[in-house]
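Novice: Sequence first, then the predicted structure, then my questions.
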Amino acid sequence: MDNANWFTEVAPEAGSAFSLKVSKKLHEEQSQFQKIEIYQTEGFGNLMVIDGFIMLSSRDNFFYHEMMSHPVLFTHPDPKTVWIIGGGDCGTLREVLKHQQVQKVVQIDIDERVTRLAEQYFPELCESNNDPRAELKFIDGIQWVKQARPNSVDIIIVDSTDPIGPAEGLFSKDFYQDCFNCLTEQGIVIQQSESPLFHMHILSDMRSAMKGARFSDLQTLFFPQCVYPSGWWSATMAGKNDLSKFRQKDAGNKKFSTNYYNSEIHLAALAQPEFFKQAIKVSEV
């Protein structure tokens, strides 16, 4: 925050920054794991910041939450069980539970304070927290996956922060191997994979680690995200089978509302920019 009440997140690796005009600070605390701040902004509603990094705003979180949820759920042939690793703001949980064929969702976030503050300052994201199909656990997601039974879950959504601090282990080959082991035969893991413009090295390393964990197919999806560095974000799916097809008819006839996702967006998000093709060609040889 500066003296004129602008909150700025600097991306020094790219020589850029993003700022939002703040009306007031609503909350600040140091949890057991991280510093959490909540601001009221003039144009983006409420803003959650963790350890100085923007996590979400009221205005544009739908891009991220919808693209972390609906593409993978419509790619899996018959998703019944879903785990969300991280996701403490509960926006991804809300989107997953819009799919009526899903029978059980377990959300595993290490920091309960993120969820309790989301319930207070982002209640619209938490409206499905009491759905009987939902279970919230506040434990280490890495250990949860490591100790899970083989063949026990259809989809794992890794809704994590950047690969630093508590989330660093979520980007490792060992973690993806544990995911592979507990996924069912048609299982898929999806993880936020940073900005392809600013963080291609992270994305490339992540894809290589997923390949090293024996996933046979990868698909990276691209979507806008105004409040994140560069304004352009990605999520990467890793599957035990071909991910190039999805249930396009079901997506086109979905029985729930979205702000961004539809079958055409899904198809478009799979298109790969030329620089991305070249980068992964080199890194995954």
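Specialist: Arrived safely, thanks for sending.
Novice: Quick check: which element contains residue 95?
Specialist: Assigned by DSSP states H and E, residue 95 belongs to helix 91-96.
Novice: What strands flank the next helix or strand after that helix, and is each parallel or antiparallel?
Specialist: Counting by DSSP H and E, the next helix or strand C-terminal to helix 91-96 is strand 104-108. Paired strands of strand 104-108, with direction, are strand 81-86 (parallel), strand 134-137 (parallel) (DSSP bridges).
Novice: Present the ones you listed as a markdown table; the columns should include mean pLDDT, mean neighbour count and distance to residue 197.
Specialist: Backbone N, C-alpha and C define where each C-beta goes, glycine included. Formatted as a markdown table, the entries for the strands paired with strand 104-108 read as follows, by pLDDT from 0 to 100; neighbours: other C-beta atoms under 10 Å; distance: least, C-beta to C-beta, whole Å:
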| stretch | mean pLDDT | mean neighbour count | distance to residue 197 |
| --- | --- | --- | --- |
| strand 81-86 | 97 | 24 | 23 |
| strand 134-137 | 98 | 16 | 34 |
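Novice: Looking at those strands, which is nearest to residue 155?
Specialist: When those are ranked by proximity to residue 155, the top entry is strand 81-86, at 4.7 Å, counting by C-beta to C-beta.
Novice: on that earlier part again, which one, of the strands paired with strand 104-108, ends up nearest to residue 202?
Specialist: Shortest separation from residue 202 across the strands paired with strand 104-108 is recorded for strand 81-86, at 16.2 Å, computed as C-beta to C-beta.
Novice: Kindly export that closest one (C-alpha atoms) in PDB.
Specialist: Taking Å, rounded to 0.1, in the frame of the first residue of the first chain, the C-alpha atoms of strand 81-86 are listed here in PDB:
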ATOM      1  CA  THR A  81     -15.500 -38.100  -6.700                       C
ATOM      2  CA  VAL A  82     -13.400 -34.900  -6.600                       C
ATOM      3  CA  TRP A  83     -10.600 -33.700  -4.200                       C
ATOM      4  CA  ILE A  84      -9.700 -30.000  -4.100                       C
ATOM      5  CA  ILE A  85      -6.200 -29.500  -2.700                       C
ATOM      6  CA  GLY A  86      -6.100 -25.900  -1.500                       C
END
